[in-house]
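Asker: model this:
(one chain, ligands or ions: 3)
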Amino acid sequence: MREGLVISLRYGVYVVKVDDQYISCSQRGTLKKEKRSPVVGDKVLVNLEENVIENVEERKNILKRPSIANLDQMFIVFSLKEPEFSYHLAFKYLTYANKYHIKTILILTKSDKDISISETKEIVNIFNKLNIDTYVVSNKTKDGLDRLAPLFKGKISCLVGQSGVGKSSLLNAIDSSFNRGEGEYSVSLGRGKHETKETILLPYQNGYIADTPGFSSLDLELYKEDLAKYFPGFTSLYEDCYFNDCLHISEKHCRVKEEIEKGNIPQIAYQEYLKLSMEAVPYIKRYEV
Ligand SMILES: Nc1nc2c(ncn2[C@@H]2O[C@H](COP(=O)(O)OP(=O)(O)OP(=O)(O)O)[C@@H](O)[C@H]2O)c(=O)[nH]1
Ligand SMILES: [Mg+2]
Ligand SMILES: [Zn+2]
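Answerer: Ligands and ions are numbered 1, 2, ... in the order given. Model (predicted):
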């Protein structure tokens, strides 16, 4: 039995990296039966006589979307144009990562396109105020990538974001040998064409970076309670609200609202919070009907 790292999964076939070799494997039936199937990023034990994954090591964390384990950090990628930047989606992704206790960094791509510098600065300021590091880059001119690339060193990272924002292009821009397929942005659809089909870990500077398929924000499962607790900037305040199930909307003695009134949490963030909270269902509802 040998230790390996799951690099990718497609149609039930796992690619596992054992030392410097990439081996195609299946999983032992009992793993599937016991709902312990390996995912990308898992450390596994491989039986090299049968090319079968026999066991999965304990995980540091596991995400549902994208399906990946043991992440050190998540880079949430948005383009400034084509597709347009969306606060709504950005806050949704950030809350989702916070729910899984994964460190987040925001990347804004396509800075070479015709966009207003003041608008970009405003976006960066709002996220900086919430202590979220934000990088503005161009995968075309490589502007800004010299500051970003060192962050991947020695870590397991993943790039997430809508189709067409430039996740695969970013990887090609930092290392052309990745040779990732780049898709087209469709003006008529208002999105990319889902070029990347599977999550894959790519070795980079003693770490790994996962390229992932763009997915719809509807795939991010968030309940009202998750938003109240894990929305950027809320986590450290939540416990000091008077009600322990405070949703920070109309409750009295709410710490979150105090910080908003003081201007310590940007208004635009709170507006997006209210919209996301309206869209979400309460966790308890799951058990009704
Ligand atoms: N001008 C400009 N175009 C970019 C930049 N980054 C990506 N693009 C273009 O945007 C399109 C989509 O890029 P991809 O890298 O395929 O996007 P993706 O996020 O990997 O998309 P999926 O794999 O579908 O999820 C391609 O036509 C790229 O050439 C950038 O910084 N500037
Ligand atoms: Mg891609
Ligand atoms: Zn509150």
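Asker: so where's the chain shaky on pLDDT?
Answerer: 218, 285-289 (pLDDT under 70).
Asker: show residues contacting the longest strand anywhere in it.
Answerer: Scanning the chain for the longest strand, with DSSP state E as the assignment, gives strand 2-10. For strand 2-10, contacts defined as Cβ atoms under 8 Å, 6 or more residues apart in numbering pick out 14-18, 22-23, 38-46, 48, 53, 57, 67, 197-201, 208. C-beta: built from backbone N, CA, C; applies to glycine.
Asker: now the helices: where do they sit in the stretch 151-289 of the chain?
Answerer: Taking DSSP state H, counting those that start in this stretch to define them, one finds helices in the stretch 151-289 of the chain at 167-174, 224-230, 235-238, 255-261, 267-279.
Asker: nearest to ligand 1, out of those helices?
Answerer: helix 167-174 (3.3 Å; Cβ to the nearest ligand atom).
Asker: is the closest one positioned near ligand 1?
Answerer: Yes: for helix 167-174, a contact with ligand 1 is found by Cβ under 6 Å from any ligand atom, at Lys167, Ser168, Ser169.
Asker: what is Ile105 paired to in the beta sheet?
Answerer: Beta-bridge pairing for Ile105 (DSSP bridges): Phe75.
Asker: distance of the residue in the chain sticking out farthest from the centre relative to Asp133?
Answerer: Distance from the C-alpha centroid of the chain, by Cα atoms, centre = their mean, peaks at Glu49 (35.9 Å). Taking Cβ to Cβ, to the nearest Å as the measure, Glu49 falls 46 Å from Asp133.
Asker: can you tell me the closest non-neighbouring residue to the residue in the stretch 1-150 of the chain positioned nearest to ligand 2?
Answerer: For the stretch 1-150 of the chain and ligand 2, the shortest gap (Cβ to the ion) falls at Val77, measuring 9.7 Å. Using Cβ to Cβ, 6 or more residues apart in numbering and skipping the chain neighbours, the partner closest in space to Val77 is Gly161 (3.6 Å).
Asker: the one you found against Met74, yeah?
Answerer: No: Gly161 lies out of contact with Met74 (Cβ atoms under 8 Å); the separation is 10.1 Å.
Asker: thinking again about what came up before, please pick the buried ones from the contacts of strand 2-10.
Answerer: 14-17, 23, 38-46, 53, 199-201, 208 (16 or more other Cβ atoms under 10 Å).
Asker: helices - which of these land there?
Answerer: Assigned to helices by DSSP state H, none of the buried ones among the contacts of strand 2-10 qualify.
Asker: sorry, back to before: tell me the SS of the residue farthest from the centre of the chain?
Answerer: Look at Glu49: counting by DSSP: H, G, I helix; E, B strand; the rest coil, its state is coil.
Asker: how close does it sit to Leu5?
Answerer: Applying Cβ to Cβ, the value for Glu49 to Leu5 is 20 Å.
Asker: please apply the same query to Lys229.
Answerer: For Lys229 relative to Leu5 (Cβ to Cβ), the value is 32 Å.
Asker: same thing with Tyr238?
Answerer: Distance, Tyr238 to Leu5, using Cβ to Cβ: 36 Å.
Asker: ok, now Val137?
Answerer: Distance of Val137 to Leu5, given as Cβ to Cβ: 28 Å.
Asker: for the stretch 151-289 of the chain, which residues are neighbours of ligand 1?
Answerer: The stretch 151-289 of the chain has residues 161, 163-169, 182-185, 192, 194-196, 213-214 near ligand 1, with proximity defined as Cβ under 6 Å from any ligand atom.
Asker: burial of the nearest residue to Thr196 once chain neighbours are set aside, as a residue count?
Answerer: Distances taken as Cβ to Cβ, 6+ apart place Pro213 nearest to Thr196, at 4.7 Å, with adjacent residues excluded. Neighbours of Pro213 under the rule other Cβ atoms under 10 Å: 18.
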